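Engineer: sequence? don't have it. structure:
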C-alpha cells in the first residue's frame, strides 16, 4: 500500500506541474502502471492527466451585434411551454465516434425537426437502422465533447496532417498500443490510447506545440456553429431554435463532473473550453466569464451540470471551501450566476432523490425509487455521508445525498447560512445525452438510442453495472417563454422558469405568493393571476405583505396526449416537495399531495402493457404551507406524476420470442413498469429578506 500511495502522489504532482512531453510521459505512465498492476482502478480514466493550457490563450468572442431576426408571429405574453433537448452528441464526439456513430450536427437538427435519420445498428452485421422522432422539438443544442474533438476529426479524415500517425492508427483500431496491452484494455478503451498520454494530447497527433490540434479544433467548432446557424428559424414562424454549445467533460477517476455550455447567440469564444486544458471547474467558470459573459462582446453563456447521480458527491461540493471567506463568497456567486439550471433526467438515470440518505429527515418518498441506474447495477451502495468518492461511471464508489438535486437544493440553503450566498439556486431540465444525433427520442415505445445497440445488447446484463437495459430513453427540457427564439428561451433558462420531464410532454406550471386566491384553480387565466399576485417557478417569494401570512402555491399540469401510434398516459397526481435545514444541520423534506388521487387503482398489465384505472387529462391544486416558519429558509418545487405504464425494456422483452429473451428480461432489479413525471423549478423563501423587511417596517412605524 505504501508503494501505491507513492505512485498516486507522483500522479498528483504530474497533474500540477504538467511539464512532461512525449517519450518521458509514456515511460512514466508505463512505470506507474507496472507498479499499480494489483491496484484496483489502474485504468485509462485514472491515468489520463491534463494538457498544458493553449499558448497563446484563446481569444474572447469578437464584439458585434447579434444577427437580426423577424419578430415571432406567435408570441404569448403569459408564456408558452416549449420542449427541447440541450444535451446530445454526434460523430464529432470521441466516444460516439468510437462506438460507430457517423451522424453530424446537421443530422441532429434534421432529426429534431422530424426528418428520419439512419444510425449505426450496433455491429458490423446489424447494418443501419432508420429512426424518427414521434413529434418535432421546439429547440435543440448539439453539445459534442470539447475534449479530443480535434483529434477525432484529424484521425478520421484521410489526408489530414495527422491521419497517418501512430496515434490515429491506434484510434482507428488498426494498431494496438503498448498501453492497451499493459492495461488489458479492449475495444473502445483500447482505441482511446491513440489520443491520450500523460499530459493529455498526443504529440504525434497534435504536434509538439499542439498547434495541429488547436487549428483543427477551431475548424470543427466553426463547422458546428455553421450547422446551428443553418437550422435556426429566423423567420416570423419561429418554428425551431438552435443554440451554439459544447460539453465540458471532466471525469476524474470515472466520476461525472460535466457541464453543457449553452450560448445565447452566435457571438462565441474562439475555442470551446476543454477539461484537458482547464481541469478545475472553478477555472472553467472564470474563463467563461473572461472569454464570454464579462468580455463586453455580446457573448452570454450558461453552464448546465448533468448526471449528478454519477458524481460520487463531487458535482455539488464546495470546491472553493479552502479559500478565504470573501473568495468563497465570490466563487459561490459566480457558480450561481453561471449555473442557473441542472439536468434532472437523462439516459443514464434520474437525479431527483433517493431514500435513506445520510441525515435526511422526513420519511421515505415512494416515488424516489425511479430510474436509479446505480441501484439497478450496484444495489448495495455505500453512503458518502459528508464526504465524496469516485468511480460511479464504472459502478464503483459511494453515493452522496448531493448526487440528487433535492438535497443539493437543501445544501444550497446550508451554504447560504454559511456564506450569505446560495450557489445551488437552480431550475431543472431534462435532456437525452443521445450519442446518435437523436435529440428528443424519448418514447418508451422504443428503446434508448444512447448508442446504436442491437436488441440483444440492449437487454443483456451479464453483471455489468452500466448495462444498456439499466438506462432509459432520457428526458426533455421544458421552458416557459414568450416565443420560440434564442433570446426568449435563453432568458427563461437564466431566470429558471424551466421544468424537466422524464420523456412525456407534460406541461406543469407553478406559482407561489402570499395573496394567491384560494380558488385560483377554478378561475380562468391562471397564469395571468399567478404572475400578478405571485412569482413563477425559478423565483424567490417576495417580501410578506402580512407578517402573519403563510406562502400559498398553485400547481397545474396537462397530461401528454401522445400520438396515435404511441398514446400518452393520464396524470395520477400533483405534489409539492418542501426542503429546509433543521436543527444541527439536518436536511428535512416533506412531500404533499395537492391534486389528483394516488389511490385511483391505476395499473398496467406487464404482459400486454394494457393500462387500467382512471386518471386525469389536467390537474390543478392550491396548497398553503401549514408548517411555515418565517425564520427558516425553504425551497419548494412541484412534481406531476402519470399513471403506471410499461417501461421500454418490458415492451421490448414482450416483443421477443421467449427463447430469445436475454437475461435482462428476467433481472429482478429492472422494474417492469414506470410512472413518468415532470418536475418544476423551485420557488425559494428567503427568511433573511423577510426579517429585514419586517425590521424596516417596524422602524418606520
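Structural biologist: Here it is on my side, so go on. Please read all numbers here as calculations on a predicted model, not as lab measurements.
Engineer: switch to C-alpha atoms for all contacts and neighbour counts from now on
Structural biologist: OK.
Engineer: pLDDT weak spots in the protein?
Structural biologist: 1-49, 179, 183, 198-199, 690-701 (pLDDT under 70).
Engineer: which residues does the residue nearest the centre of it contact?
Structural biologist: The structure's the chain has its C-alpha centroid closest to residue 306; by CA atoms, centre = their mean the separation is 2.7 Å. Listed by CA atoms under 8 Å, 6 or more residues apart in numbering, the contact set of residue 306 reads 257-260, 342-344.
Engineer: show the backbone phi and psi for it.
Structural biologist: For residue 306, the backbone dihedrals (degrees, to the nearest 10) come out as phi -140, psi 160.
Engineer: how about the strands in the stretch 451-600 of the chain?
Structural biologist: Assigned by DSSP state E, counting those that start in this stretch, the strands in the stretch 451-600 of the chain fall at 476-481, 498-501, 507-513, 535-536, 552-558, 571-581, 587-596.
Engineer: just give the nearest non-adjacent residue to residue 419, would you?
Structural biologist: residue 329 (5.9 Å; CA to CA, 6 or more residues apart in numbering).
Engineer: right, and the one you found touches residue 420 too?
Structural biologist: Yes - between residue 329 and residue 420 there is a contact under CA atoms under 8 Å: 7.5 Å.
Engineer: the two: which has the busier surroundings?
Structural biologist: Each of residue 329 and residue 420 has its neighbours counted (other CA atoms under 10 Å); residue 329 has more, 22 against 14.
Engineer: please give the element, helix or strand, for that one.
Structural biologist: For residue 329, the element it lies in under DSSP states H and E is helix 325-338.
Engineer: quick one: contacts for residue 261?
Structural biologist: Under the criterion of CA under 8 Å, 6+ apart, the contact list for residue 261 reads 143, 245-248, 301-304.
Engineer: which strand residues bridge it?
Structural biologist: With DSSP bridges as the criterion, residue 261 is bridged to residue 246, residue 303.
Engineer: quickly note the distance from it to residue 475.
Structural biologist: Residue 261 sits 18 Å away from residue 475, going by CA to CA, to the nearest Å.
Engineer: equivalent analysis for residue 423, please.
Structural biologist: 24 Å.
Engineer: these two: who's more crowded?
Structural biologist: Neighbour count, other CA under 10 Å: between residue 423 and residue 475, residue 475 has more, with 34 against 28.
Engineer: dihedrals phi and psi, that one?
Structural biologist: Torsion angles, degrees, to the nearest 10, at residue 475: phi -120, psi -180.
Engineer: could you shift the numbering so residue one becomes 8, and keep it that way?
Structural biologist: Fine by me, first position is 8 from now on; the one you just mentioned is residue 482.
Engineer: residue 511 versus that one, what's the distance?
Structural biologist: With distances taken as CA to CA, residue 482 is found 8 Å from residue 511.
Engineer: list residues touching both of these two?
Structural biologist: Contacts common to residue 482 and residue 511, judged by CA under 8 Å, 6+ apart, are residue 449.
Engineer: OK, contacts around the residue nearest to residue 426?
Structural biologist: The contact partners of residue 336, taken as CA under 8 Å, 6+ apart, are 426-428.
Engineer: swap in residue 371?
Structural biologist: Per CA under 8 Å, 6+ apart, neighbours of residue 371: 362-363.
Engineer: surely it is within a helix?
Structural biologist: No - judged by DSSP: H, G, I helix; E, B strand; the rest coil, residue 371 forms no part of a helix; its state is coil.
Engineer: quick one: it and residue 538, what's the gap?
Structural biologist: From residue 371 to residue 538 the distance is 33 Å (CA to CA).
Engineer: same question for residue 690.
Structural biologist: From residue 690 over to residue 538 (counting by CA to CA), the distance is 13 Å.
Engineer: quick one: common contacting residues for those two?
Structural biologist: residue 518.
Engineer: between these two, which is the more surrounded one?
Structural biologist: Neighbours per residue, other CA under 10 Å: of residue 690 and residue 538, the larger number sits with residue 690, 29 against 15.
Engineer: one step back: what about burial for the contacts of residue 268, which qualify?
Structural biologist: Neighbour counting by 16 or more other CA atoms under 10 Å classes 150, 252-255, 308-311 among the contacts of residue 268 as buried.
Engineer: now the nearest residue to residue 489 once chain neighbours are set aside: phi and psi?
Structural biologist: Nearest non-adjacent residue to residue 489, counting by CA to CA, 6+ apart: residue 86, 4.2 Å away. The phi and psi values for residue 86, taken as degrees, to the nearest 10, are phi 70, psi 150.
Engineer: quick one: contacts for residue 86?
Structural biologist: By CA under 8 Å, 6+ apart, the contact set of residue 86 is 487-490.
Engineer: before we move on, the earlier item: among the strands of the stretch 458-607 of the chain, which is the most enclosed?
Structural biologist: Per residue and on average, the most neighbours among these fall to strand 505-508, with a mean of 32 (mean count of other CA atoms under 10 Å).
Engineer: note down every partner strand of it and its orientation.
Structural biologist: strand 483-488 (antiparallel), strand 684-687 (antiparallel).
Engineer: would CSV of the ones you listed with distance to residue 471 be doable?
Structural biologist: Output for the strands paired with strand 505-508, formatted as CSV (distance: least, CA to CA, whole Å):
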stretch, distance to residue 471
strand 483-488, 27
strand 684-687, 27
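Engineer: that's all I had, so thanks and see you.
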